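Colleague: For reference, the sequence and a predicted model appear below.
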There are 2 protein chains.
Amino acid sequence: MKNRLEELRKEKGIRQEELAEALEVSRQTIGSLENGRYNPSIMLAFKIARYFNLKIEDIFIYEEE
Amino acid sequence: MKNRLEELRKEKGIRQEELAEALEVSRQTIGSLENGRYNPSIMLAFKIARYFNLKIEDIFIYEEE
DNA sequence: TAAAAATGGAAAGTTTACTTGACATTTTTA
DNA sequence: TAAAAATGTCAAGTAAACTTTCCATTTTTA
């Protein structure tokens, strides 16, 4: 799964740490998502989508495997 | 988080086991999702949405806490 | 209405999403 | 260009999403 997190965060002009605080997760979690080390839980995906005013599908791009 | 899994599955007239096979998870996973014992991973949520030809947000209803 | 099929759900184990802490590298700013 | 800020990433621990196995209960069918 790919995602547009880094791109969207930079559009907003905020740091990983600020996004992490807004979403109530650690900075490392944001870094790990941006760099594809793992996928978000569905709860976190919902929080991210709400934060950016987008649908989950607009941020996270599902790919088989 | 609430979801419409049971409702959608019954509309299709299929058993938990059939849905489980289609999604490549165990029957217990389907049962656990339908009965709210836990939330799906985002990968499974994507598979479910694709199976029913819906958006994740049309199946899983995010609620705070 | 008895047998068969479907569902509910617990227990114990594995994997993955998360945490905190620490330190190295890269980027920005003074 | 040196210091400060931001990011990358590892390690070790916890939590939650899965698995398989098993058995009880409910629903369907013959």
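Modeller: All right, it came through fine. Please read all numbers here as calculations on a predicted model, not as lab measurements. Numbering: from 1, shown residues only, chains lettered A, B, ... in the order given.

Colleague: Could you give the residue of chain A that lies closest to DNA strand C?
Modeller: residue A:38 (2.7 Å; Cβ to the nearest atom of the strand). C-beta here means a position set from N, CA and C on the backbone, and glycine is covered the same way.

Colleague: Would it be right to say that that residue lies in a helix?
Modeller: No. Going by DSSP: H, G, I helix; E, B strand; the rest coil, the assignment for residue A:38 is coil, not a helix.

Colleague: Can you give me the neighbour number for it?
Modeller: By the measure other Cβ atoms under 10 Å in any protein chain shown, the count of residues near residue A:38 is 10.

Colleague: I would like the residues contacting the longest helix belonging to chain A, please.
Modeller: With secondary structure taken from DSSP state H, chain A has its longest helix at helix A:42-52. For helix A:42-52, contacts defined as Cβ atoms under 8 Å, 6 or more residues apart in numbering or on different chains pick out A:5, A:8, A:12, A:19, A:22-25, A:29, A:40, A:55-56, A:58-60, B:1, B:39-42, B:45, B:56, B:60, B:62.

Colleague: In strands, which of the residues you listed fall?
Modeller: Those of those mapping onto strands are A:60, B:60, per DSSP state E.
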